[in-house]
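**Student:** got a structure for you, letters missing:
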């Protein structure tokens, strides 16, 4: 049986999972694909520490050139993360005629244009299923399974850490900080979770999904990004009462000839499947012209689930190699009906708004007066009687309004001396 | 640009949708795949009636041999449904060296062994994405995206008609018959909907999913099948009160060395995503060893959504042909840890049970006595006060019990003269 040689760069969490699958499932895989996958070399800066997988010492090296320059290696798997030196390793691998598998969403979101173009120039493939939704086969589905479709929108819960935090706040009444500590303790958040909390990781994944669905590789500063650190238990509870769950939603919406891109905490109606995606799970909801509205759901993180996606990419590559085929598996086409990205100020939504106001007569009249002046119409108001509180929350749901008008209105309202805190506005996505 | 010639057998609902996609999206597809897909001939027994797509008359024929015997045709798409002559057409196409795309779940579930074996012998591919879940790329996901995974279970809502009926009963309080008439009126059910209502269509789809996940092509009589015609509005309402939705669930569950296969109305806890799958939508929930628990959701029926899947298969085949590659895309392997199918009598579940009993003292004591004698333990009982009713419903949820014990108990209970109707037992799936 023919062998395909693989070089693995990065024997961390996912890397060791990949190695474990290739060892444990050697028989299953070779029977399925008619080839042997042979890990020829593994490079890591630490080749001494014990892993939860046993690796023959002869396979290990600290010198990445032993992989990149080995003409017998057909496929390089990059699992070190980060921009440098991951980018240089991938470019060198492509230059030396190797196909590439990576899970590196940050790198592809930031440097994808150059990397994809170079792969195409070198007639090599670069696969990245594990970069979004871990083991959920979302990239293959968008690229191959829905090959004939045009897309209208993507709504994704694509970051497990923030979804865990928001779920704990909603289901177990934890505060943001309590939920975050718990996430760190349970290993669902990194010690520095800022990329997740701030929405950057979700934005990276959104950029890749948008590339697949709309054929545009936008840059990070073209995505409006808001994290979840401002979300309070109070808002989570009010949202629930109103029939919503708050989720960090990565959104791409085509509206006529514009594309709206944003990552924001968002109120999702409880009747929608996305509102029920709890814990570290991810889900991607796409609307397409032929196959309709589809949802893909599964664990969004985890060593073996990401490794499952890496191995699936690897298997696809073995088939390409067997066939002597360069297929950038079906070219990604630009949706030419999209002329520009929509400015966030021009986006239109319903909103949940919470004001913290002095408990005195006339407050509601002044708030609603300013909203009316900005053409914002109120759908519902909740103000509960509170004992001994001098400052009370007033919660409103407003009908569709332009973000620009809302911002102007909130600025004016926040200048009122009866308003005691910066007002909170969270978008409602009807779905 | 190279062309691949396609012959289409069956220009009905899905067939005309496929033709429409290939016409409307000619440019998009050829840019994506680097090849032209050319429909060379279309066979239908009716080549006179108008379709909602315009077809050049020269393409149409009533003689299937013009497709099957044309050496220039590379791929045959079979969309006539039914066993005969669909089987003969597919076998002839394979014999004559053509690859095949079909959406024919009944045929593959019944005659798959022979057809798949012959395709393999002839080194041709047979793809069938549209046969389960219409446009949801579930088959590709199981086969390729999750290639390294072993599966523990499949739970599928895979029939749009019955899910529409059950949803209307639950959301809009329609009776079964009202919901069925409405489904027929809206075109969501065929005039003779018995294959759907009886659960046969779901069983066909389950058989294909089991084949993909466990590598066994079981026969229809190895699946325990119960339809939804016995489900009353009363049970739907009680289930809701208890925190469940009733769904027609296609289930495959590995339990040690046995595989349990059944299609049954089933109570699903409201917290589970599957309980929120409404209307004609489908969803398939699979548990796997690496990628964890995944859900795939989308419209389970509809001309363009099924056609979307057929075209995706077609595109895959063009890539195989371009590569001169025969890949039965990754061999399907038998899960050898499964030694036998579990008898339904040996299956273990919690159950919802409804008794219709005379409203007189001692009834509950007699029922619970018989349950206890059969080692069945009661989790909850609901009996509401009813005005002027001589017969009242008593609803119980029981703890896990063997179906055999439950049947014995129900037979004994139904013999009591205080019991006025056959008792209803519906399985609860904890998920």
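**Tutor:** The structure has been received and is ready for your questions. What you see is a predicted model; the values in this text were computed from it and never measured. Numbering: from 1, shown residues only, chains lettered A, B, ... in the order given.
**Student:** Give the next helix or strand downstream of the longest helix seen in chain A.
**Tutor:** For chain A, the helix that runs over the most residues, judged by DSSP state H, is helix A:303-322. Next helix or strand after helix A:303-322 toward the C-terminus (DSSP states H and E): strand A:340-341.
**Student:** chain center to that following strand, what's the gap?
**Tutor:** Here the centre of strand A:340-341 is set off from its chain's centre by 21 Å, with C-alpha atoms, centre = their mean, to the nearest Å.
**Student:** swap in stretch A:98-107?
**Tutor:** 16 Å.
**Student:** So is stretch A:155-164 next to chain B?
**Tutor:** No. Shown here: stretch A:155-164 not in contact with chain B (C-beta under 8 Å from any C-beta of the partner chain), separated by at least 11.5 Å. (C-beta placed from N, C-alpha, C; glycine too.)
**Student:** how close does the closest residue to chain B within the stretch 301-431 of chain A sit to residue A:22?
**Tutor:** Across the stretch 301-431 of chain A, no residue is closer to chain B than residue A:323, which sits at 3.4 Å (C-beta to the nearest C-beta). As judged by C-beta to C-beta, to the nearest Å, residue A:323 and residue A:22 stand 21 Å apart.
**Student:** Same question for residue A:148.
**Tutor:** Between residue A:148 and residue A:22 the distance is 34 Å, computed by C-beta to C-beta.
**Student:** Of those two, which one has the most company?
**Tutor:** Shown here are residue A:148 and residue A:22; by other C-beta atoms under 10 Å in any protein chain shown, residue A:148 has more neighbours (27 against 22).
**Student:** My understanding was that the more buried one contacts residue B:25; is that so?
**Tutor:** Yes. If you go by C-beta atoms under 8 Å, residue A:148 and residue B:25 touch, sitting 5.6 Å apart.
**Student:** State the number of residues packed around the residue nearest to the residue of the stretch 301-431 of chain A closest to chain B when sequence neighbours are not counted.
**Tutor:** Spatial nearest neighbour of residue A:323, chain neighbours left out: residue B:323 (3.4 Å); criterion: C-beta to C-beta, 6 or more residues apart in numbering or on different chains. Around residue B:323 there are 17 other residues, counting by other C-beta under 10 Å.
**Student:** Can you check the pLDDT for residue B:323?
**Tutor:** With respect to pLDDT, residue B:323 has a value of 74.
**Student:** Look up phi and psi at it.
**Tutor:** Main-chain torsions, residue B:323, degrees, to the nearest 10: phi -90, psi 0.
**Student:** do residue A:424 as well
**Tutor:** phi -110, psi 130.
**Student:** burial count for residue A:258?
**Tutor:** There are 15 residues near residue A:258, going by other C-beta under 10 Å.
**Student:** Tell me the spacing between the nearest residue to it once chain neighbours are set aside and residue A:109.
**Tutor:** Closest residue in space to residue A:258, ignoring its immediate chain neighbours: residue A:342 at 4.1 Å, by C-beta to C-beta, 6+ apart. Distance of residue A:342 to residue A:109, given as C-beta to C-beta: 20 Å.
**Student:** mind listing what the residue in the stretch 151-300 of chain A that chain B sits nearest to touches?
**Tutor:** Residue nearest to chain B within the stretch 151-300 of chain A (C-beta to the nearest C-beta): residue A:291, separated by 3.0 Å. Taking C-beta atoms under 8 Å, 6 or more residues apart in numbering or on different chains, we find residue A:291 in contact with A:146, A:149, B:134-136, B:298-299, B:304-305, B:308-309.
**Student:** Do you know the pLDDT at it?
**Tutor:** In this prediction residue A:291 is given a pLDDT of 98.
**Student:** Which positions in the stretch 151-300 of chain A make contact with chain B?
**Tutor:** Near chain B, when you scan the stretch 151-300 of chain A using C-beta under 8 Å from any C-beta, you find A:271, A:273, A:276-277, A:283, A:288-299.
**Student:** Select only the buried ones of these in ChimeraX?
**Tutor:** In ChimeraX syntax, the buried subset of these is picked out as below (16 or more other C-beta atoms under 10 Å in any protein chain shown):
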select /A:273,276,277,283,288,289,290,291,292,293,294,295,296,297,298,299
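**Student:** Centroid-wise, who is the farthest residue in chain A?
**Tutor:** residue A:361 (45.1 Å; C-alpha atoms, centre = their mean).
**Student:** In contact with the nearest residue to residue A:95 once chain neighbours are set aside, which residues?
**Tutor:** Residue nearest to residue A:95 in three dimensions, not counting chain neighbours: residue A:122, with 6.7 Å by C-beta to C-beta, 6+ apart. Applying C-beta under 8 Å, 6+ apart, we find residue A:122 in contact with A:94-95, A:97.
**Student:** ok, so of those residues, who is nearest residue A:184?
**Tutor:** Closest approach between the contacts of residue A:122 and residue A:184, by C-beta to C-beta: residue A:94, at 36.8 Å.
**Student:** The helix or strand harbouring the closest one: how far from the chain's middle?
**Tutor:** Assessed by DSSP H and E, residue A:94 sits inside helix A:86-95. Centroid separation for helix A:86-95 versus its chain: 24 Å, with C-alpha atoms, centre = their mean.
**Student:** Can you give the contact residues for the helix or strand just after that helix?
**Tutor:** Sequence-wise, the next helix or strand downstream of helix A:86-95 (DSSP H and E) is strand A:99-102. For strand A:99-102, the surrounding residues in contact (C-beta under 8 Å, 6+ apart) are A:74-79, A:86, A:90, A:93-94, A:108, A:119, A:124-128, A:130-131, A:310, A:313-314, A:317, A:320-321.
**Student:** out of those residues, who's near chain B?
**Tutor:** residue A:320.
**Student:** All the helices of the stretch 251-400 of chain A, residue numbers only.
**Tutor:** A:303-322, A:363-373 (DSSP state H, counting those that start in this stretch).
**Student:** Give me the more crowded residue out of residue A:342 and residue A:109.
**Tutor:** Between residue A:342 and residue A:109, counted using other C-beta under 10 Å, residue A:109 has the larger neighbour count: 24 against 20.
**Student:** mind listing what the more buried one touches?
**Tutor:** Here residue A:109 is in contact with A:203-205, A:207-208, A:220 (criterion: C-beta under 8 Å, 6+ apart).
**Student:** If I look at it, what pLDDT would I see?
**Tutor:** 98.
**Student:** Also residue A:320?
**Tutor:** The model's pLDDT for residue A:320 equals 82.
**Student:** How many residues are close by it?
**Tutor:** The burial count for residue A:320: 22, using other C-beta under 10 Å.
**Student:** What is the neighbour count of the nearest residue to residue A:242 once chain neighbours are set aside?
**Tutor:** Nearest non-adjacent residue to residue A:242, counting by C-beta to C-beta, 6+ apart: residue A:397, 6.5 Å away. Residue A:397: 20 surrounding residues under other C-beta under 10 Å.
**Student:** If we go by neighbour counts, what in whichever strand or helix holds residue A:162 is buried?
**Tutor:** Element membership for residue A:162 (DSSP H and E) is helix A:160-172. For helix A:160-172, a neighbour-count test (16+ other C-beta under 10 Å) marks A:160-170 as buried.
**Student:** How far away from the center of its chain is the very next helix or strand once past it?
**Tutor:** Sequence-wise, the next helix or strand downstream of helix A:160-172 (DSSP H and E) is helix A:176-185. Remark: helix A:176-185 is offset 20 Å from the chain centroid, using C-alpha atoms, centre = their mean.
**Student:** got it, and stretch A:411-430?
**Tutor:** 28 Å.
**Student:** before we move on, what about stretch A:120-131?
**Tutor:** 19 Å.
**Student:** show me where pLDDT drops low in chain A?
**Tutor:** Applying pLDDT under 70 to chain A flags the ranges A:325-330.
**Student:** ok, now which ones touch residue A:164?
**Tutor:** So residue A:164 contacts A:179, A:183, A:188-189, A:279-280 (C-beta under 8 Å, 6+ apart).
**Student:** Can you tell me how far it is from residue A:183?
**Tutor:** For residue A:164, the distance to residue A:183 (C-beta to C-beta) stands at 5 Å.
**Student:** what do those two both touch?
**Tutor:** residue A:189.
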